[in-house]
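> A predicted structure for the sequence below; I have some questions about it.
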There are 2 protein chains.
Amino acid sequence: MTKYTDMNQEQLLAEQAVLKKRFEEYKAMGLKLDMSRGKPSKEQLDLSMDLLADTDYVEDGIDLRNYGLLDGIPSCKKLFADLLGVEPKNILIGPNASLSLMFDYIAQAYSHGVMGSTPWSKLPEVKFICPVPGYDRHFTILEYFGIKMICVPMTDEGPDMDRIEALVKDFSVKGMFCVPKYSNPQGITYSDEVVKRIAALKPAAKDFRVIWDNAYIIHEIYDEGDELLNIFDELPKHGNEDMVIEVCSTSKMTFPGAGVSALAASDGNIADILRRLNCQTISYDKMNQHRHVQFFGDVDGIKEHMKKHAAIMKPKFEMVLNHLENELGGRGIASWIEPRGGYFISLDVMDGCAKRAGELCKEAGVVLTNVGATYPYGKDPKNSNIRIAPSLPPVEELDLAAQILCVSVRLAALEALVAEL
Amino acid sequence: MTKYTDMNQEQLLAEQAVLKKRFEEYKAMGLKLDMSRGKPSKEQLDLSMDLLADTDYVEDGIDLRNYGLLDGIPSCKKLFADLLGVEPKNILIGPNASLSLMFDYIAQAYSHGVMGSTPWSKLPEVKFICPVPGYDRHFTILEYFGIKMICVPMTDEGPDMDRIEALVKDFSVKGMFCVPKYSNPQGITYSDEVVKRIAALKPAAKDFRVIWDNAYIIHEIYDEGDELLNIFDELPKHGNEDMVIEVCSTSKMTFPGAGVSALAASDGNIADILRRLNCQTISYDKMNQHRHVQFFGDVDGIKEHMKKHAAIMKPKFEMVLNHLENELGGRGIASWIEPRGGYFISLDVMDGCAKRAGELCKEAGVVLTNVGATYPYGKDPKNSNIRIAPSLPPVEELDLAAQILCVSVRLAALEALVAEL
């Protein structure tokens, strides 16, 4: 295999001609393939239909169909407490999306501050640390509230902690978004050392909060999943009990948009959030909470259920990874990580070529996540990162989509190299 | 019947002795009765269990179990559009509670302003008009955001419009909460003239918004319900299309906490809200939206269903009203309105006696809504208003609870009159 960067003019043009032909063939197929969002497939959604089975919606004599139980039904709090490794009193059951839990938390800090601190809206500047590449919807929340985002690069064991330890000395740095397990989009699980260093942070701002978005907490692809240290076990060692707000949901266990979300935090944070929640709602959907408890039973039930998801996801991930290896491996124009869970594969292409690869994909009928979306303000400074979401398309469509992606990446690189000749 | 205020000392003491005896008898029964919140009864909740029947959760080829459709599923938007008399494009389907729609809207105005106006958080003062007595949870939202509440008394056809027309000349008056049909707690439906005058308001503040909480839109008790003018038909006559945000929900049609809410507003307001919603969630619970559409079919289906609720509610309202008439009528110590729908009966007792009546009720095992809750900051200036919520207790319990309430109101009045002797 000759690296593209080592090819001479003749070789580059020959390679380009071959790939252009392949590209035109794909285009002629008039495809409409979607690898843009981490949507579960129909097959995955079908796994949870028993969730909707009849039940009497009564728990401890309480009619769960009526108003009340602002913080969630006890059995559901217990289930998530066991899953997250905290006490039920430190759990709030939320609405159908953990995104709302995060948005509403930042909104609360903006309007009312954090456990008695000055509301962020009253401060001249508020900054957040954003490990990059990251999840676009985290960035969107921060942008909505005018919070300045500071990019910190990911390493293969989590965000660059030296940078973070230096940044938190700034009083205006008020928090950080993390996806600590199977990070979006790279699928990296934070190492024990990274978790320990985050738990040991000494931020200048007392109202510094880490939003610990454990979206893929139990979303393994292989039998042996990554192990993430429970940050709530580490925080008390440093007097940092209040520093972390953890969220997760069943969106990618049962039904996206019709699942249950949960938040874990210290007593002080829970009380702080309940003060707002008491004005915002009477209760979230307790009938759905009850259905989820009935369906899963306990954490082992969740694990068993997630194995069924893994059986569907594994061939899809392997399909994409095989194409990446076969078509892009050894050419010096792309790198990627093989995740052991989560929903995404992060592909780094030749600098300056990601947007063009995305355009070519679109031309051939393959929709990718907007290139740039994995960076704050939608601006990838190197224009090199592409997020691949292999979950939604059936395997045979994914097969084509991955090939088209690879050809597009190669063509984009060739265009750039030929232009430099 | 001699009015208490016309009784001499002897008569007052004799009356007090008789009632004290009755009160002690009730107390000895060790009752635990709840007329505090507008909770539907078990019988009412049972009416909607078919809602949970199996369906395939597909609409127009879209799998409703997956992410997407931020503004709601088309069939559900249509259903609420028909119910509210607006176009589907002017409907957003919300979460399980319209309270969240209202809270989130005020939060949005606070942090981001209204359709481009200065965020309310950046203004020296923001005031809202609150018709009183009113709904405590509206007041709680305003208090949370530090919005100053200005009380405007209700008349028997809606809030005092002369006062409101004068108040909106103040630039810092940014809005008003209304429950225009079967108002909480009085059960008053705004007259056509009141609706027309609200629609014709000329507020100094361009970002003045009327939160039109149509919570009891179709919650009749009798075959002939009150008719509320559709304010969205009136607004364009005055160029006020953007002035009203209407909300409603199925909380008291199907399941409180597991229903569907909806918001109706102008194109401009809908776009303004969607900009925030796009950061706050991916979609609300579309499976639940679909279940509701399947269950109701259309507006006629909702009407038929609400007749079943009426059949349960009517004897309860009549039970309470009969006791009020028999025990309090003609004594010059109480007045009330006989509502034709909604969830509450508002009882005005002798000035200064509401809290004491509430205490006596509690002593005899009857929980009322916190006395004062129907006024901003929980402070009823006359200490005279009591909200009665007759929906939850079974009829036989309600029978006792209403008697205890009446005896307590009479005793409280007698105590005050005897003290004045």
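Sure thing, it's come through.

> burial of A:Leu274, as a residue count?
Per other C-beta atoms under 10 Å in any protein chain shown, the neighbour tally for A:Leu274 reads 12. For glycine as for every other residue, the C-beta is placed from the backbone atoms N, C-alpha and C.

> what does it show for phi and psi?
A:Leu274 adopts backbone torsions of phi -60, psi -30, taken as degrees, to the nearest 10.

> what does the one 4 residues further on give?
When read as degrees, to the nearest 10, the backbone of A:Asn278 gives phi -60, psi -20.

> please apply the same query to A:Ala264.
Dihedral pair for A:Ala264: phi -120, psi 130, per degrees, to the nearest 10.

> unless I'm mixing things up, it is touching A:Leu235, no?
No - A:Ala264 is beyond contact range of A:Leu235, at 11.2 Å (criterion: C-beta atoms under 8 Å).

> who's more crowded, those two?
Each of A:Ala264 and A:Leu235 has its neighbours counted (other C-beta under 10 Å); A:Ala264 has more, 26 against 20.

> kindly check the end-to-end length of stretch A:261-268 for me.
In stretch A:261-268, first residue to last residue: 20 Å (C-alpha to C-alpha, to the nearest Å).

> enumerate the residues of the stretch 201-350 of chain A near chain B.
A:251, A:255-258, A:276, A:278-288 (C-beta under 8 Å from any C-beta of the partner chain).

> list the buried ones in stretch A:47-62?
Burial within stretch A:47-62, assessed by neighbour count using 16 or more other C-beta atoms under 10 Å in any protein chain shown, is assigned to A:47-48, A:51-52, A:57, A:59.

> now the helices for the stretch 301-421 of chain A?
For the stretch 301-421 of chain A, the helices defined by DSSP state H, counting those that start in this stretch cover A:354-363, A:395-420.

> what would those helices look like in CSV with mean pLDDT and mean neighbour count?
Below are the helices of the stretch 301-421 of chain A laid out as CSV (pLDDT from 0 to 100; neighbours: other C-beta atoms under 10 Å in any protein chain shown):
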stretch, mean pLDDT, mean neighbour count
helix A:354-363, 97, 20
helix A:395-420, 95, 20
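
> quick check: which ranges of the stretch 201-350 of chain A have low pLDDT?
Of all residues in the stretch 201-350 of chain A, none has pLDDT under 70.

> let's see it at 90
The model of the stretch 201-350 of chain A has pLDDT under 90 over residues A:257.

> leaving out sequence neighbours, find the closest residue to the most centrally placed residue in chain A.
Centroid check for chain A by C-alpha atoms, centre = their mean gives A:Asn184 as the closest residue, at 3.6 Å. Distance criterion C-beta to C-beta, 6 or more residues apart in numbering or on different chains; nearest residue to A:Asn184, sequence neighbours excluded, is A:Tyr135 at 4.3 Å.

> correct me, but that neighbour touches A:Tyr216?
No - with contact defined as C-beta under 8 Å, A:Tyr135 does not count as touching A:Tyr216 (10.8 Å).

> where exactly do the helices run in chain A?
Ranges of helices in chain A, per DSSP state H, are A:9-28, A:42-46, A:74-84, A:98-112, A:136-144, A:161-167, A:192-199, A:231-234, A:267-280, A:286-296, A:299-323, A:354-363, A:395-420.

> nearest to B:Gly378 among these would be which one?
Closest approach to B:Gly378 among the helices of chain A (C-beta to C-beta): helix A:267-280, 13.7 Å.

> that closest one packs against which elements?
Packed against helix A:267-280, as judged by 3 or more C-beta pairs under 8 Å, 6 or more residues apart in numbering or on different chains; DSSP states H and E, are the following elements: strand A:91-93, helix A:98-112, helix B:98-112, helix B:136-144.

> closest residue of the stretch 301-421 of chain A to chain B?
Per C-beta to the nearest C-beta, A:Leu392 is where the stretch 301-421 of chain A lies closest to chain B, at 8.2 Å.

> what number of residues lie near that residue?
By other C-beta under 10 Å, 23 other residues sit near A:Leu392.

> OK, contacts around the residue nearest to the centre of chain A?
Applying C-beta atoms under 8 Å, 6 or more residues apart in numbering or on different chains to A:Asn184 gives the contacts A:38, A:134-135, A:215-216, A:342-344, A:387.

> buried members of the residues of the stretch 201-350 of chain A next to chain B into PyMOL, please.
Selection command for PyMOL covering only the buried members of these, criterion 16+ other C-beta under 10 Å:
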select buried, chain A and resi 251+255+256+257+258+276+279+280+281+282+283+284+285+286+287+288
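
> surely A:Tyr216 is in contact with A:Tyr343?
Yes - in this structure, A:Tyr216 is within contact of A:Tyr343 by C-beta under 8 Å, at 6.8 Å.
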